[in-house]
Structures are given as C-alpha cells and as structure tokens.
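# Below are the sequence and a predicted model for it; my questions follow.
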Amino acid sequence: MENFKPTRYTLTNVATGREFEDEGWMLDDPQTPEPSLIRTNYASKRLNVRSEDYGIYRFCDWLPVRRMLRGSHAPVTYKSVRLAAHLGLKNLYITFSGYFPQVGARMTTCSFKETEAYNVCARRAENEKRILVVASAGNTARAFAKVCSDNKIPLLLSVPEENINALWFDAPLDPCVKLIAPQTGGDYFDAIHLSNLALQSSLFYAEGGAKNVARRDGMATTVLSAATTIGEIPDYYFQAVGSGTGAIAAWEANLRLNEDGRFGNKTMRLMVSQNIPFVPMYDAWRAGSREMLAYDADQARADAEAIDAKVLSNRKPPYSVRGGLYDALKATDGDILVATNEEARAARHLFEELEGVDIYSAAGVALATLIQAVRDGKVDPEKIVMLNVTGGGERHFQRNKELWYLKPHHVFPLDPKPDYVIRTVEKLFAKA
C-alpha cells in the first residue's frame, strides 16, 4: 500500500462527450457552460480486485485516488436466505455497508457514506492547504469527520441542528474537524446554504457532492462488491435516495462492468425510493418531468421533519442535470417508489428478525419498496435482486461503548449575513 501509484484516468463531460485531464479538484468541465456531470474514464478497463486488506481500495482500479488512507472497509455482499424465502425471491443479494461482523462488514460509522469519504479524501492532494467543506443531513458528516480526524485533514461540516445527534463517535475527534449548524427549524437545504456562504472565503473549498467523481465512484463500490461476489451484474437494484447520487453511481458502475465484459452485458434496473411525505423526485418522475416541480420551502421543511429517514431530505438533488438521476432512470428503465414511515419501520423490524442486524431508516425505506414491488409483480422472482443496505449495525457497534458527540462550534440563524458567516468560520480555524 505504501508503494501505491495514483490511479490513471481522464474525465468526460456526460453532455458533450468531451474528454479532458483532471487538473486537480475538478467538479465540472471548464470549457462547457451547459450543466452536466463529469465522469471518470479509467485506464484499466478490467477491474482487478485486490485483497480485503486494501479495504475500500481493493477496487482502486476504478477509484480516482492519489493514495490510500488507513482504516477503510469495503461494502460486503452476501446471498440472503431467510429474507429471500420470506419474499419468495430465488436470488436476493444484500450489499451491506455498516457494522455486521458476522458477514464481514466492519464500517465503524455504520453507513455507506464511508465509501464516499475515504475516496474523496484520497483524491485530495496532500499539499492542499485549504479547508474542505461538507454539508450533510448526518451520516455523511459522521463519515467525513472520522476520516478527516484520523488523517489530520482540516474539515468544516455544516449539519442541521436537529440532526447532530447523528454525529456520534467512539472516541473524541481531532480538533481539525469543526461543526457549524443552521438553527433548529432548518433542514439539509439550509445546511447546504450555510456551507455555500462559508465557501465565499478563499480559505475553504467545496467537497462537491454529486459533482465529485470520487464521491460517486466510491458509492459505486456497492455494485462492484455485488457483481464480483455474484459473478454477474444484478438485474434489479433497490436503494432509498435523498440526492440520487448512489443510484447514479450504480448506473455508472454498470456501464464499466459491461465494458469489462466478465460480468455479463445487461442493464441493471434502478428501483429507487423516497420516504413519504418528502417525495419531490417521485413527484417529478410521476409527472414525466426532467425538471423538479415547485416545492414550497416551508412545506419542504415540514415534510423533511415528518420523515424518519432524515438523510433522504435533499431539496436540490442532481435529478435534472445531464448524467443525473433522471437520465439514469431513463437509461435503465428504472422507477421511483415510495414508502411511509410505518412501512419502513415494519421493514426494519423484519430485516432484523430475519437477517440478524438492525438497519437505518433509509435502508428500511428501500426494503419496504422491495416488499411492495414483489407484491405488485414488478420483480421477477427468478432474477438477481440487489438490495443496497446503506447503513446498519449501529446498535451492535455501540453496545457497551461510551460515545462521544460532536457539538456545534457555532449555530447560525436560517438566513445569516454572508460576512458574518465568513468571519465566524475563519476564526474557528484561526484558533485551531
């Protein structure tokens, strides 16, 4: 691992097909004004999977990383027996990202957001002096906080005050990690707005969200785990989505696996889900609209507060952009499904009873919609179904541990003045 050479790749503008070199922390094609995601083109067209000792970097042929960070773990895929029998599915495979040692899953933040954090931070240049900024509804912040703390990477997190109970750790963090929050009543959108104000200072730079190829390709390791375990690309992919970035990543992984050629040549059908009543992408999809529909801000905040799966409450997802979720669903004959809190809770209980581990609310939403799809005949019971369990094992991991919680270094009003935000966040790191 110490002799690791940076992965060789170029970038491609999805809208225009223009290929260009990654000159650093590139999030867009600088020569094309049309909004579009960019995508990685790896020099290695065949995936060479390394040993488990490499953690997430066992898939480094298809990760845009400069180095390997210690402490990572890859998602684990296993064939379900009891849940599969209960649903009447012959080939149900669960890709588990969390803490479930019985199947080999050991992500200590208990969330697949580790797949993002370890790769985004490994894409970062070691001589980068600016401070990374990440906005999150909770789980992403926990993952980035752990990775940055362990590797002494300065980080500014922006998380809604009502969600900071998600920022638990089994040990205190390094002071290089700072947390700001919009006040109670704010949601993920408000956290994003606050982070954007901080980014007006030259001391900071944006992680980039869905636009960061390292984030998407890190999330794509869930599909790489499934395909390399099963021996072929799944037929169906089930996941709950807030931004849809994980599903976009799954589609991109599918394209690479088809090019590799050893895992079949098929299009995996994306079956993604949202938590009622916060369902803006579902509403747009059902209306046949590439563009998101109007969503009153006060209603959106109320709907975000009402759902169990707070991590699914993104008001500005990469749905409409070229290469985004709308295109991914169209290309894969996919669909968006919905589940209530009650349905998701029942699904979580069922998973724990049959598979033996607790799962997060978002994963419960995904399972609830899989149950619906099977019931409604939308899934062929003979085909390969991948259920992406994006987080779980928290109760198992936390058992008999004393937890440490990251508290906000500053709480801002919902509409703070930019100069006030900039002065405050700069002072936070001046004290570090």
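Yes, it's here. Residues are numbered from 1 along each chain as shown.

# correct me, but Arg301 touches Asp187?
Yes: assessed by C-beta atoms under 8 Å, Arg301 is found in contact with Asp187 at 5.0 Å. Heads up, the C-betas are built off the backbone N, CA and C, glycines and all.

# neighbour-wise, which of these two wins?
Neighbours were counted for Arg301 and for Asp187 using other C-beta atoms under 10 Å; Asp187 has more, 25 against 21.

# which residues does that one contact?
Contact partners of Asp187, counting by C-beta atoms under 8 Å, 6 or more residues apart in numbering, are 137, 160, 300-301, 304-305, 313, 315.

# Do you know the pLDDT at Ala432?
With respect to pLDDT, Ala432 has a value of 52.

# swap in Thr332?
The model's pLDDT for Thr332 equals 98.

# go on, the one 4 residues further on?
The pLDDT attached to Ile336 in the predicted structure is 98.

# Point me to the helix or strand that includes it.
strand 335-339 (DSSP states H and E).

# Ok, Cys148 next?
helix 139-150.

# so what secondary structure elements neighbour that helix?
helix 113-123, strand 131-135, strand 155-158, strand 168-169, strand 177-182 (3 or more C-beta pairs under 8 Å, 6 or more residues apart in numbering; DSSP states H and E).

# now the angle from that helix to strand 131-135?
For helix 139-150 against strand 131-135, the angle by axes from the mean of the first three to the mean of the last three C-alpha atoms, to 10 degrees is 160 degrees.

# Could you report the neighbour count for the residue nearest to Arg70 when sequence neighbours are not counted?
The shortest distance from Arg70 to any non-neighbouring residue, by C-beta to C-beta, 6 or more residues apart in numbering, is to Asp150 (7.3 Å). Number of residues near Asp150 (other C-beta under 10 Å) recorded here: 17.

# Isn't Asp150 up against Thr108?
No: between Asp150 and Thr108 there is no contact under C-beta under 8 Å: 10.4 Å.

# pLDDT averaged over stretch 283-292 - what is it?
Stretch 283-292 comes out at a mean pLDDT of 98.

# How far off centre is the helix or strand just after the strand holding Ile336?
Using DSSP H and E, the next helix or strand after strand 335-339 towards the C-terminus is helix 341-355. A distance of 21 Å separates the centroid of the chain from that of helix 341-355, by C-alpha atoms, centre = their mean, to the nearest Å.

# Mind exporting the C-alpha coordinates of the helix or strand immediately after helix 341-355 in the chain to CSV?
Once the chain leaves helix 341-355, the next helix or strand it forms, by DSSP H and E, is helix 361-375. Provided in CSV are the C-alpha atoms of helix 361-375 (Å, rounded to 0.1, in the frame of the first residue of the first chain):
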residue,chain,number,x,y,z
SER,A,361,-34.4,4.2,8.3
ALA,A,362,-33.3,4.8,4.7
ALA,A,363,-32.5,1.1,4.3
GLY,A,364,-35.9,0.4,5.7
VAL,A,365,-37.5,2.5,3.1
ALA,A,366,-35.6,0.6,0.4
LEU,A,367,-36.7,-2.8,1.8
ALA,A,368,-40.3,-1.6,2.2
THR,A,369,-40.4,-0.7,-1.5
LEU,A,370,-38.8,-4.0,-2.4
ILE,A,371,-41.6,-5.7,-0.5
GLN,A,372,-44.2,-3.6,-2.4
ALA,A,373,-42.6,-4.4,-5.8
VAL,A,374,-42.6,-8.1,-5.1
ARG,A,375,-46.2,-8.0,-4.0
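
# Quick one: list the elements packing against helix 361-375.
Against helix 361-375 (3+ C-beta pairs under 8 Å, 6+ apart) you get helix 82-87, strand 236-240, strand 269-275, strand 335-339, helix 341-355, strand 384-389.

# just checking, Gly208 touches Arg215?
Yes: between Gly208 and Arg215 there is a contact under C-beta under 8 Å: 6.9 Å.

# Give me the common contacts of these two.
Joint contacts of Gly208 and Arg215 (C-beta under 8 Å, 6+ apart) are Val120.

# any idea how far the residue nearest to Arg70 lies from Cys121?
For Asp150, the distance to Cys121 (C-beta to C-beta, to the nearest Å) stands at 10 Å.

# intersection of neighbour lists for the two?
Shared contacts of Asp150 and Cys121, counting by C-beta under 8 Å, 6+ apart, come down to Leu69.

# Work out the gap between stretch 70-85 and the centre of the chain.
17 Å.

# Mind checking what secondary structure Asp28 has?
coil (DSSP: H, G, I helix; E, B strand; the rest coil).

# re the thing from before, with neighbour numbers in mind, choose between Gly208 and Arg215.
A count of neighbours by other C-beta under 10 Å puts Arg215 above the other of Gly208 and Arg215, at 26 against 20.

# Pretty sure that one sits in a helix.
Yes: under three-state DSSP, Arg215 sits within a helix.

# which residues touch it?
Applying C-beta under 8 Å, 6+ apart to Arg215 gives the contacts 116, 119-120, 207-209, 245.

# okay if I get these as a markdown table plus distance to Tyr78?
Formatted as a markdown table, the contacts of Arg215 follow (distance: C-beta to C-beta, whole Å):
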| residue | distance to Tyr78 |
| --- | --- |
| Glu116 | 22 |
| Asn119 | 23 |
| Val120 | 27 |
| Glu207 | 31 |
| Gly208 | 32 |
| Gly209 | 30 |
| Thr245 | 24 |
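
# Make a ChimeraX selection of whichever of those turn out to be buried.
Buried subset of those, written as a ChimeraX selection, criterion 16 or more other C-beta atoms under 10 Å:
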select :116,119,120,207,208,209,245
